[in-house]
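*Asks:* let's see this in three dimensions:
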Amino acid sequence: MTLQEKYDKTIAGVTGGLILPLIIGFFIFLFASGNPPFDAWLERITQANIITHIISLCVFPNVVIFLIFNHFDMLRASRGVLAVTIAWAILVFGIKYLL
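*Replies:* Modelled structure (predicted):
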């Protein structure tokens, strides 16, 4: 079994599509000005009404892993990344228009 066959699973795409935005969000928090505590940072971005912008920035790198999986013809993994990205988009629209 090649490495490509090993990781061409929907769960690999779902895992990548969930973990990468969390890592990007962690880096955005780390480089926030003033080094606030996490709860103060969440309150600040909520009050500034930019939480959907932050989530969108975190999810954008999913395009890169989707294209990488697609380039290597790992279509099941691409499908997993796409599904999670759509779920993130639904979350953003829900937060934006329902809250």
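*Asks:* what lies in contact with the lowest-mean-pLDDT helix or strand in the chain?
*Replies:* None of the helices or strands of the chain scores lower by mean pLDDT, DSSP states H and E than helix 3-7, at a mean of 86. Helix 3-7 is contacted from outside by 72, 73, 74, 77, using Cβ atoms under 8 Å, 6 or more residues apart in numbering. The way it works is simple: take the backbone N, C-alpha and C, and place the C-beta from them, glycine included.
*Asks:* and the closest residue to the first one other than its chain neighbours, how many neighbours?
*Replies:* Distances taken as Cβ to Cβ, 6 or more residues apart in numbering put residue 4 closest to residue 72, at 5.9 Å, once the chain neighbours are dropped. Burial measure for residue 4: 12 neighbouring residues, criterion other Cβ atoms under 10 Å.
*Asks:* related to what we said a few turns ago, among the contacts of helix 3-7, which one lies nearest to residue 18?
*Replies:* residue 77 (12.9 Å; Cβ to Cβ).
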